[in-house]
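J.: One predicted model, sequence on top.
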Amino acid sequence: MSEFKRIPPEQAQALREQGAVVVDVRDPATFAALHIAGSKHLDNVSISDFIRAADLDAPTVVVCYHGNSSQSAAAYLISQGFSDVYSMDGGFELWRTTYPSETAQGTSE
């Protein structure tokens, strides 16, 4: 069984530019207030549909507040058959200071 990889925001940005799926596991209100542009919000309600529709081999970057919850979510995606999963260290808080122009407001795209 493969394992997820922990990566810094710079590597997450490189993967994003190459078409990786970015998923955000923070709460809906926080996600709506500000998130990584193009990311999808995942929660306990939407994750089943996301998994059913996903390309399990596509690079997937998981983001949370500070990089802790994303590790659990990344491990869960691996357990569901995803093969190329990353947890972003520092979470959205580090992302928004590193790439402030790469953020957006509103609900999931």
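T.: On my side now, so go ahead.
J.: list the buried ones in stretch 24-42?
T.: Asp24, Val25, Arg26, Phe31, Leu34, His35, Ile36, Ser39, Lys40, His41, Leu42 (16 or more other CB atoms under 10 Å). Heads up, the C-betas are built off the backbone N, CA and C, glycines and all.
J.: How about stretch 50-59?
T.: Phe50, Ala54, Pro59.
J.: can you check stretch 71-85 too?
T.: Going by 16+ other CB under 10 Å, stretch 71-85 has these buried residues: Gln71, Ala73, Ala74, Tyr76, Leu77, Ile78, Phe82, Asp84, Val85.
J.: correct me, but the last one touches Ala74?
T.: Yes: applying CB atoms under 8 Å as the test, Val85 and Ala74 come out as touching, 4.8 Å apart.
J.: Between these two, which contacts overlap?
T.: Contact criterion CB atoms under 8 Å, 6 or more residues apart in numbering; residues shared by Val85 and Ala74: Phe4, Val62.
J.: where along this structure do the helices fall?
T.: In the chain, the helices defined using DSSP state H lie at 9-17, 28-33, 47-53, 69-79, 91-98.
J.: Next, the residues that contact the second one from outside, please.
T.: For helix 28-33, the external contacting residues (CB under 8 Å, 6+ apart) are Asp24, His41, Asp43, Tyr65, Gln105, Gly106, Thr107, Ser108.
J.: which residues touch the second one?
T.: It stands for His41. Per CB under 8 Å, 6+ apart, neighbours of His41: Val23, Asp24, Arg26, Pro28, Phe31, His35, Thr107, Ser108.
J.: Inside strands: which ones of those?
T.: Per DSSP state E, strands hold the following members of those: Val23, Asp24, His35.
J.: Report the separation between the second one and Thr30.
T.: In this structure, Asp24 lies at 9 Å from Thr30, with CB to CB, to the nearest Å as the measure.
J.: With the first one instead?
T.: If you measure Val23 against Thr30 using CB to CB, the figure is 14 Å.
J.: now do Glu102
T.: With CB to CB as the criterion, Glu102 and Thr30 are 17 Å apart.
J.: Flag the shaky bits of this structure, pLDDT-wise.
T.: For the chain, the stretches with pLDDT under 70 are 1, 108-109.
J.: now with 80?
T.: 1-2, 107-109 (pLDDT under 80).
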